[in-house]
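Enquirer: test case, fold it:
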Amino acid sequence: MSIDQVGTYLRDSYDFNGNQPLGSWGPGGLLRVALLAPAIEVEVRKQPSSFRQGFACFPVSNDPFRQYRGVTDMGGDFMIYSDIRGQRLAQPVTVMVPR
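Expert: So this is what the prediction gives:
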């Protein structure tokens, strides 16, 4: 068998380990800008008290997301893959494959 091209791709895990901001979440979805608002309360059975006070979005980081995921069994880590980039080899490689 002769190989004249190889493919490469990037793979990254999207996990919620450590502490990093995930944006500001609210009824209208996700905002990717930081808002000055209180941290979200992780109590899925009732609206956060600050929501009732008129705040529309809440800054969320990994810790509250993991708490929410633990209570609701929703959300999870996942893998992200890039497109495959093909590259022709300057000289083909011959590989012997036993039958």
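Enquirer: kindly format the C-alpha coordinates of stretch 90-99 as CSV.
Expert: C-alpha atoms of stretch 90-99 as CSV (Å, rounded to 0.1, in the frame of the first residue of the first chain):
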residue,chain,number,x,y,z
ALA,A,90,6.7,15.1,-1.1
GLN,A,91,7.4,11.4,-1.5
PRO,A,92,4.9,8.5,-1.1
VAL,A,93,5.4,6.1,1.8
THR,A,94,5.0,2.4,1.1
VAL,A,95,3.6,0.2,3.9
MET,A,96,3.5,-3.6,3.8
VAL,A,97,0.2,-4.9,5.3
PRO,A,98,0.2,-8.6,6.1
ARG,A,99,-2.8,-10.6,4.9
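Enquirer: helices of the protein, residue ranges please.
Expert: 49-52, 62-72 (DSSP state H).
Enquirer: okay, those helices in a markdown table with mean neighbour count, mean pLDDT and distance to Ile84 next?
Expert: C-beta: built from backbone N, CA, C; applies to glycine. What follows is those, written out as a markdown table (neighbours: other C-beta atoms under 10 Å; pLDDT from 0 to 100; distance: least, C-beta to C-beta, whole Å):
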| stretch | mean neighbour count | mean pLDDT | distance to Ile84 |
| --- | --- | --- | --- |
| helix 49-52 | 13 | 48 | 44 |
| helix 62-72 | 14 | 82 | 30 |
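Enquirer: tabulate the ones you listed (CSV), appending distance to Phe16.
Expert: Converted to CSV, the helices of the chain look like this (distance: least, C-beta to C-beta, whole Å):
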stretch, distance to Phe16
helix 49-52, 22
helix 62-72, 4
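Enquirer: nearest to Asp4, out of these?
Expert: For Asp4, the closest of the helices of the chain is helix 62-72, at 44.5 Å, according to C-beta to C-beta.
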